[in-house]
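J.: Sequence isn't available, so here's the structure alone:
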Ligand SMILES: Nc1ncnc2c1ncn2[C@@H]1O[C@H](COP(=O)(O)OP(=O)(O)OP(=O)(O)O)[C@@H](O)[C@H]1O
Ligand SMILES: [Mg+2]
């Protein structure tokens, strides 16, 4: 059950990158972001910018489409970037260690629909929608149940 929801319009890839960096600054171990949206919505673009801002040096941040998970050493914990599009069974989510990572690392999950009821209830969900008329515009709808996210969303909505 989603208790809270807020939407934000994003005008360009640069604006999406800015928002990703602001969210990154707020994250700590055990935080999970679920990134929903069709192919090309901007999930990886968001994730790359978020991850890069937490790394001390610029690093290649490949899409985890084939590996399912890529991990990075963040300042206080690992950052797990996952793309479950090609997940064949829910068992793999456990085998990858992703379920444990939800509670101990920073996790970003593309195609979280594949998690079914393994999706962590403390996650912040971002639904990225394309715009019918303007190519680079996106609407991001945030949904969360854990009140720990509310200050961040209040902060973002002042921008
Ligand atoms: N406002 C925007 N926010 C994010 N990306 C945008 C925006 N406008 C245009 N784009 C472009 O849309 C593309 C999004 O690609 P990206 O790989 O991030 O999608 P994805 O949602 O991860 O898709 P997939 O499901 O295939 O993994 C990028 O080329 C990006 O530059
Ligand atoms: Mg992607």
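T.: Cool, the structure landed. If you're wondering where the values come from, they're calculated on a predicted model, not measured in any experiment. Ligands and ions are numbered 1, 2, ... in the order given.
J.: Strands of the protein, start to end?
T.: Remark: strands assigned in the chain by DSSP state E are 4-10, 32-36, 69-73, 78-83, 106-110, 124-130, 138-144.
J.: Turn those into TSV, including distance to ligand 1.
T.: Using the backbone N, CA and C atoms, a C-beta is placed for each residue, glycine as well. Shown next, in TSV, are the strands of the chain (distance: least, C-beta to the nearest ligand atom, whole Å):
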stretch	distance to ligand 1
strand 4-10	5
strand 32-36	7
strand 69-73	13
strand 78-83	6
strand 106-110	5
strand 124-130	7
strand 138-144	4
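J.: for those, which one ends up most surrounded?
T.: Comparing these by mean neighbour count (mean count of other C-beta atoms under 10 Å), strand 106-110 comes out on top with a mean of 27.
J.: residues in contact with the residue in the chain that ligand 1 sits nearest to?
T.: Ranked by C-beta to the nearest ligand atom, the top residue of the chain for proximity to ligand 1 is residue 42, at 2.6 Å. Contacts here follow C-beta atoms under 8 Å, 6 or more residues apart in numbering; on that basis residue 42 touches 13, 16, 128, 138.
J.: Would you reformat the strands of the chain as TSV and include mean pLDDT?
T.: Listed next are these as TSV, based on pLDDT from 0 to 100:
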stretch	mean pLDDT
strand 4-10	97
strand 32-36	98
strand 69-73	98
strand 78-83	98
strand 106-110	98
strand 124-130	98
strand 138-144	98
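J.: Just send these back as TSV, with distance to residue 97 too.
T.: Shown next, in TSV, are those (distance: least, C-beta to C-beta, whole Å):
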stretch	distance to residue 97
strand 4-10	29
strand 32-36	14
strand 69-73	8
strand 78-83	9
strand 106-110	10
strand 124-130	21
strand 138-144	24
